[in-house]
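Turn this into a structure:
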Amino acid sequence: MRPTTYDTDTDARERAVLVSLVTPDIKRGSGDPELSLRELVSLAETAGVEVLTSLTQNKEKVDTKWFIGKGKVEELRAAAEELGATTAIFDQELSGAQVRNLEEALDLKIIDRTQLILDIFAQRAKTREGIIQVELAQLSYLLPRLSGHGKNLSRLGGGIGTRGPGESKLETDRRHIRGRITDLKHTLEEVVRHRNLHRERRRKSGVQQVALVGYTNAGKSTLLRELTQADVYVENQLFATLDPTSRSWKLPSGKEVVLTDTVGFIQNLPHDLIAAFRATLEEVLEADLVLHVVDSASDMREEQMEVVQRILGELGAAGKPQVTVYNKIDLVGANGPQLVPANGPDTLAVSAFNPDDLERLRQTVQDKLTGDTRTFALPADRGDLIALAYRSGEVLEQTVDGETMLMTIQLNRQDYELHGHKLDGYVRQP
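Predicted structure coming up:
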């Protein structure tokens, strides 16, 4: 990412009024407005902004000029002046023209939800891949909005909405910006190629992969650290993890699998961000098992779970074998959200800091990844069936008895269900 031309180490925290518009279309397309606005507060605080108050308007449709109604613009101006706000942060995505009109009417920096999330990602990106992905998402978002951000970009002092590509890049013409986007995509393709090579090596070696997914701040990184003793960044904040972290994880049988932590999901995750991070999120598609980590103590738990399932569907991972891990049960009090479901083959309630819970999680994952141990009596001249047996699990023993190959296999449940059923007629009865 190119460095910004702003001094972002300003001492004064930005002071913001949050604004949410609720229309029937927004409600249908974006989920729960209350959850979204509460998240916007957390996002702003994560970005280092002091939240002064919030305004919500219920309207039949979006105002093409102001986004919110003209009367609400006046109310926002009065509230900002009274409270000494420097910024207005909108919970929905704005067009460049709407940003320009609002800035001129309010004399405030105008930021929308997408730009705020991109800014947090710009703060957190550390690896080369993460930095490329964030800059690509920022430029893709800003390209059609360049004409609407002139006043915003000219403000001194930096702060949210100004990290990343920087003023000099954004003031160049669209052709140069498109050229930069093309360069970033080519660089990212090379990163993806290397990642695919690593995946292919893992597949050929027979190492199975388990992916941790879930809402942001559900405790995925904490679980990864406690399960694998990984030295990973853990913090009680949104998007503490951007870059996927993979570690070797030993199951009770002694078999090792790869456990991967992924970026947290959130309601209305920007499309540009999903596109830029697709290579990272594809770790989920490659996983043999998905652990959906849920914050048990969140009073918006069910809504958050729905968001995760929706995004998994968008990624094409909805059909993956999955275990729901209700984390943070140590924080669920008598007056907290409803109790978590009972433990079962697809559901587990744990505290990441309870060794017994972690052991149960290990056993559950092992049970999901492996099937029964079976012995097959295969014709020794049927190389296709013998190859299929090797693809269906771990061969524990094989002997030749005349024209028959006896193979004892610890089945991989997913692989066996996929194509191993062709071996069903060759199972040797005890």
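
hey, let's count contacts and neighbours off CA atoms from now on
Will do.

What are the structural domain limits within the chain?
As given by automatic domain parsing, the domain ranges for the chain are 15-176, 207-353, 370-426.

Quick one: mean pLDDT over the first one.
Confidence over domain 15-176 (mean pLDDT, whole number) is 83.

need the strands for the stretch 1-150 of the chain, in chain order.
Assigned by DSSP state E, counting those that start in this stretch, the stretch 1-150 of the chain shows strands spanning 15-22, 50-58, 87-90, 109-112.

could those be laid out in a markdown table, adding mean neighbour count and distance to Gln98?
Output for these, formatted as a markdown table (neighbours: other C-alpha atoms under 10 Å; distance: least, C-alpha to C-alpha, whole Å):
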| stretch | mean neighbour count | distance to Gln98 |
| --- | --- | --- |
| strand 15-22 | 23 | 14 |
| strand 50-58 | 16 | 16 |
| strand 87-90 | 24 | 11 |
| strand 109-112 | 24 | 9 |
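
Of all the ones you listed, which one comes closest to Thr127?
Closest of the strands of the stretch 1-150 of the chain to Thr127 is strand 109-112, at 25.8 Å (criterion: C-alpha to C-alpha).

what packs against the closest one?
Applying 3 or more C-alpha pairs under 8 Å, 6 or more residues apart in numbering; DSSP states H and E, we find strand 109-112 packed against strand 87-90, helix 96-106, helix 150-154.

what would those look like in TSV with distance to Glu403?
Listed next are the helices and strands packed on strand 109-112 as TSV, based on distance: least, C-alpha to C-alpha, whole Å:
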stretch	distance to Glu403
strand 87-90	73
helix 96-106	75
helix 150-154	78
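
Quick check: which of the ones you listed is buried the most?
Among the helices and strands packed on strand 109-112, ranked by average contacts under mean count of other C-alpha atoms under 10 Å, first place goes to strand 87-90 (a mean of 24).

helices or strands next to it in the packing?
On the basis of 3+ C-alpha pairs under 8 Å, 6+ apart, strand 87-90 makes packing contacts with strand 15-22, strand 109-112.

For Val400, find the nearest of those strands.
Evaluated over the helices and strands packed on strand 87-90, closeness to Val400 peaks at strand 109-112, with 68.4 Å, by C-alpha to C-alpha.

ok, the closest one: who's next to it in the sheet?
strand 87-90 (parallel) (DSSP bridges).

For the partner strand, give me every contacting residue.
14-20, 108-113 (C-alpha atoms under 8 Å, 6 or more residues apart in numbering).

Identify the residues contacting Ala44.
Contacts of Ala44 by C-alpha under 8 Å, 6+ apart are Glu50, Val51, Leu116.

With distance to Glu189 added, can I get those residues in a markdown table?
Converted to a markdown table, those look like this (distance: C-alpha to C-alpha, whole Å):
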| residue | distance to Glu189 |
| --- | --- |
| Glu50 | 38 |
| Val51 | 39 |
| Leu116 | 26 |
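
Nearest to Lys320, out of the helices and strands packed on strand 109-112?
Of all the helices and strands packed on strand 109-112, strand 87-90 sits nearest to Lys320, with 35.2 Å by C-alpha to C-alpha.

Centre of the chain to the closest one, how far?
The chain centre lies 24 Å from the centre of strand 87-90; the measure is C-alpha atoms, centre = their mean, to the nearest Å.

pLDDT weak spots in the stretch 251-400 of the chain?
276, 279-280, 333-339, 371 (pLDDT under 70).

what ranges do the strands span in it?
So, for the stretch 251-400 of the chain - with DSSP E, counting those that start in this stretch - the strands run 256-261, 289-295, 322-327, 347-349, 370-379, 393-401.

Quick one: distance of the longest one to the chain centre.
The chain centroid and the centroid of strand 370-379 are separated by 38 Å under C-alpha atoms, centre = their mean.

Show me what it is packed against.
Checking 3+ C-alpha pairs under 8 Å, 6+ apart, strand 370-379 ends up next to strand 404-412.

strands paired with the strand it packs on, and their directions?
Counting by DSSP bridges, the strands paired with strand 404-412 are strand 370-379 (antiparallel), strand 393-401 (antiparallel).

Tell me which of those strands is the most buried.
It is strand 370-379: most buried of the strands paired with strand 404-412 by mean count of other C-alpha under 10 Å, with a mean of 18.

what's it in contact with?
Under C-alpha under 8 Å, 6+ apart, the answer for strand 370-379 is 385-386, 393, 403-413, 423, 426-429.

Using ChimeraX, define a selection of the buried residues within those.
Filtering these down to the buried ones (16 or more other C-alpha atoms under 10 Å) takes a single ChimeraX command:
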select :385,386,393,405,406,407,408,409,410,411,412,413,423
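
Looking at the protein, which helix is longest?
helix 174-205 (DSSP state H).

What residues of that one count as buried?
Here helix 174-205 shows Ile177, Arg180, Ile181, Leu184, Lys185, Leu188, Val191, Val192, Asn196, Arg199 as buried, counting by 16+ other C-alpha under 10 Å.

Nearest residue to Gln366 in space, please, no chain neighbours.
Nearest residue to Gln366 in three dimensions, chain neighbours excluded: Leu251, at 6.3 Å (C-alpha to C-alpha, 6 or more residues apart in numbering).
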